[in-house]
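K.L.:
requesting a structural model of the entry that follows:
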Amino acid sequence: NSQFQEASKEFSKLDSNAQRDYDLANSYYKSNDYDKAIDLYKNINSSSKDLEFKKLHNLGNAYAKKEDFQNAINSYEEALKIQNDPKTKENLELVKKIVNDKKEQNNNQQNEQKQENKNQQSQNSKAENKESKKEESKASNENSYEEEKWLKQIENQKTNSLLKKMDSQNASPYQNNKPW
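P.N.:
Here you go, the predicted structure:
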């Protein structure tokens, strides 16, 4: 790692040209200074297709290391337009897989969150129903208490004599046939 840092110091002393900047960017990349490497890779202008391809491939690698996957995909795709390279294709597919896996993971987390929210709403609804039933039960108990109170009052009242069954002196011969 320290050798790459020394190399980057030496490269920076040289006059600026595409190859020197590419080598310096590689030194930054290998010393894990991806921001500097990306800046240099982006500013390299070369008429050499080989150097342009290498620059884009390594730029994609630097973006991937920084987890800037969309820029990594773009860089790899641009590099593949210049040269059909199996390593670049492999890197591109790997980054695309990571992006898809993250999307699936996010979707799963969102679905889990939605399910948790539904469960929470259901629990809240059940709690509200229990509370409502308690209130109804309380009101019902109060009504029941009132009803019992009135029934006791009615029982305790003296029965009016007009409502009592009275024996009549003029009993009808059909009286025994009546159901009441």
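
K.L.:
pLDDT at the residue minimising distance to the centre of the chain, what is it?
P.N.:
The structure's the chain has its C-alpha centroid closest to residue 110; by CA atoms, centre = their mean the separation is 2.4 Å. On pLDDT, residue 110 comes in at 85.

K.L.:
ok, now which ones touch it?
P.N.:
With contact taken as CB atoms under 8 Å, 6 or more residues apart in numbering, residue 110 is in contact with no other residue. In this view, the C-beta of every residue, glycine as well, is placed from N, C-alpha and C.

K.L.:
check the gap between it and residue 116 for me.
P.N.:
Taking CB to CB, to the nearest Å as the measure, residue 110 and residue 116 are separated by 11 Å.

K.L.:
so where does the residue nearest to the centre of the chain fall, helix or strand?
P.N.:
Taking DSSP states H and E as the criterion, residue 110 maps to helix 86-156.

K.L.:
go on, residue 53?
P.N.:
Mapping residue 53 onto the secondary structure by DSSP H and E places it in helix 49-65.

K.L.:
just checking, next helix/strand downstream of that helix?
P.N.:
Tracing the chain past helix 49-65, the next element assigned as helix or strand by DSSP H and E is helix 69-82.

K.L.:
where does this structure dip in pLDDT?
P.N.:
1, 4-16, 137-141, 157-180 (pLDDT under 70).

K.L.:
give me the number of residues near residue 101?
P.N.:
Residue 101 has 10 neighbouring residues, counting by other CB atoms under 10 Å.

K.L.:
revised request: answer the last question for residue 96.
P.N.:
As a measure of burial, residue 96 has 14 neighbours, counting by other CB under 10 Å.

K.L.:
isn't it up against residue 74?
P.N.:
No: between residue 96 and residue 74 there is no contact, the gap being 11.7 Å when judged by CB atoms under 8 Å.

K.L.:
rewinding a little: could I get the buried residue list for the helix holding residue 53?
P.N.:
Across helix 49-65, burial judged by 16 or more other CB atoms under 10 Å covers 51-64.
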